[in-house]
Structures are given as structure tokens and as C-alpha cells.
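**Q** What follows is a predicted protein model with its sequence.
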Amino acid sequence: MKIISLLQPWATLVVIGAKKIETRSWNTTYRGPLLIHSSARMKKEHKALCNTEPFKSALAGIPELPLGAIIGMAAITGTSDTSFYMDAKKAGIKLTDDGGNWDDELAFGDYSPGRYGWLLSKPVSFRNHIQWKGELGIRDFEHLICQKCGCMDHDCRACIEKTGRPCSWVSETLCSACLKR
Ligand SMILES: [Zn+2]
Ligand SMILES: [Zn+2]
């Protein structure tokens, strides 16, 4: 599994599926599942941003943005330079199969020339947020993690709180506490 750190509110926007393209100054050849970690600190101006549209509507119903934790995952399915997305919008090409909103998407990223957009699919928001130290770039994540609740092989506190005992691993991506649901 791979992991990446994103600033809030963008980390949450990705795991709830509101942000489908991650824009970066660098490209990646990696394709596949990616754990989303939210950075430990949130800047004042980014907090203020959450009270403006389209952030406000997208984040409605989320009481607090988790910081310094693994909050979910998504899969990188492709990357392009930012001009590709600008052209696609102009040409009236749908953002995703189920539509999506280009204006919101562009507001959630930095589409300056020379940057890259990573197309993300299959967003999952974990029920549990496991505290984790952030690292720059895309890194390997060396632990088992349940892709439903986010508990890890060495940190299962959330399952213990819920069921009174630690979970076991049903597969490399599913814990026993989630199997019963
Ligand atoms: Zn689980
Ligand atoms: Zn567990």
C-alpha cells in the first residue's frame, strides 16, 4: 500500500469524493490504491477557506476536519498535465462517468500551467481515524490496514473500544470487526 499526506480541507475533500483530481507540481507513475493522510497542522487561511463556496457546501455535515491521521483512501487511475483538464472542461467532456462539477473541481485544485492532475477514483472515508506521522511524497505504507474502518495491525484501539477486543485479519484489507457488519 502507498500513502500520501494532504493538507486540510483537501484531504477530507478527497476521501468524501468531492475532489476527484489531486493537483501537484510533480507527476507520478504510480497507479493504484493510495491511503490519504491529513497533515498535522491547518493554516488560518485554509480554515477561512472552508467558510467560502464551494468548500462550505462540500464540507457541510462534517463537524471537524481530522488532523494528523489516516482518514481514508482513493486510487490513482491516471495523471495528466493541468492543461489537459482545462481543455477537457472547455470541450464539454464530463469530469467523471457520473458527471461531476468542473467548476467545483477547479476550485479545489491549482491548475496553473506546468502542474499535474492525478485522477482519483474509489474514494473511501474510514470510520476510524488513526493518528500517523506525515511524510512528503508518495511513500510505502508497511502495515496491514482495514479498508473499511482504517484500523491497523499495530493500532486497533477503535475496534477494541467498539467490540471490547482487538480484531483479527480476515484478509490483508479487512478486519474481523468489519466482517460482522
Ligand atoms: Zn475494520
Ligand atoms: Zn481493528
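**A** That came through fine. Ligands and ions are numbered 1, 2, ... in the order given.

**Q** for ligand 2, what are the nearby residues on the chain?
**A** For the chain, the residues found near ligand 2 under the criterion CB under 5 Å from the ion are 151, 156, 159, 167, 175. Where C-beta positions appear, they are placed from N, C-alpha and C, glycine not excepted.

**Q** Pick out the most distant pair among the residues you listed.
**A** Pairwise distances among those were taken by CB to CB; the largest, 7.5 Å, belongs to 156 and 175.

**Q** how close does residue 146 get to residue 172?
**A** Residue 146 sits 9 Å away from residue 172, taking CB to CB, to the nearest Å as the criterion.

**Q** no, scratch that, I was asking about residue 20
**A** Counting by CB to CB, the separation of residue 20 from residue 172 is 26 Å.

**Q** When these two are compared, which one has more neighbours?
**A** Neighbour tally, residue 20 and residue 172, criterion other CB atoms under 10 Å: the higher count belongs to residue 20, 23 against 11.

**Q** Who does the one helix or strand residue 22 maps to pair with, and is each partner parallel or antiparallel?
**A** Here residue 22, judged by DSSP states H and E, is contained in strand 21-24. Sheet partners assigned to strand 21-24 using DSSP bridges are listed as strand 116-131 (antiparallel).

**Q** tell me how far the strand it pairs with is from the chain's mean position?
**A** The chain centre lies 3 Å from the centre of strand 116-131; the measure is CA atoms, centre = their mean, to the nearest Å.

**Q** I'd like the distance between residue 165 and residue 130.
**A** 18 Å.

**Q** err, residue 37, not the other one
**A** With the distance defined as CB to CB, residue 37 ends up 9 Å from residue 130.

**Q** Could you pull out the residues contacting both of those two?
**A** Contact criterion CB atoms under 8 Å, 6 or more residues apart in numbering; residues bridging residue 37 and residue 130 by contacting each: 69-70.

**Q** Show me which of the two is the more surrounded one.
**A** Comparing residue 37 with residue 130 by neighbour count (other CB under 10 Å), the higher total belongs to residue 37, at 27 against 24.

**Q** Name the nearest residue to the more buried one, ignoring sequence neighbours.
**A** With CB to CB, 6 or more residues apart in numbering as the measure, residue 5 is the residue that lies nearest to residue 37, at 4.6 Å, once sequence neighbours are left out.

**Q** And for residue 83?
**A** residue 113 (6.4 Å).

**Q** Go through the lengthiest helix in the chain and flag the buried ones.
**A** Under DSSP state H, the helix in the chain containing the largest number of residues is helix 82-90. Neighbour counts using 16 or more other CB atoms under 10 Å place 82, 85, 89 of helix 82-90 among the buried residues.
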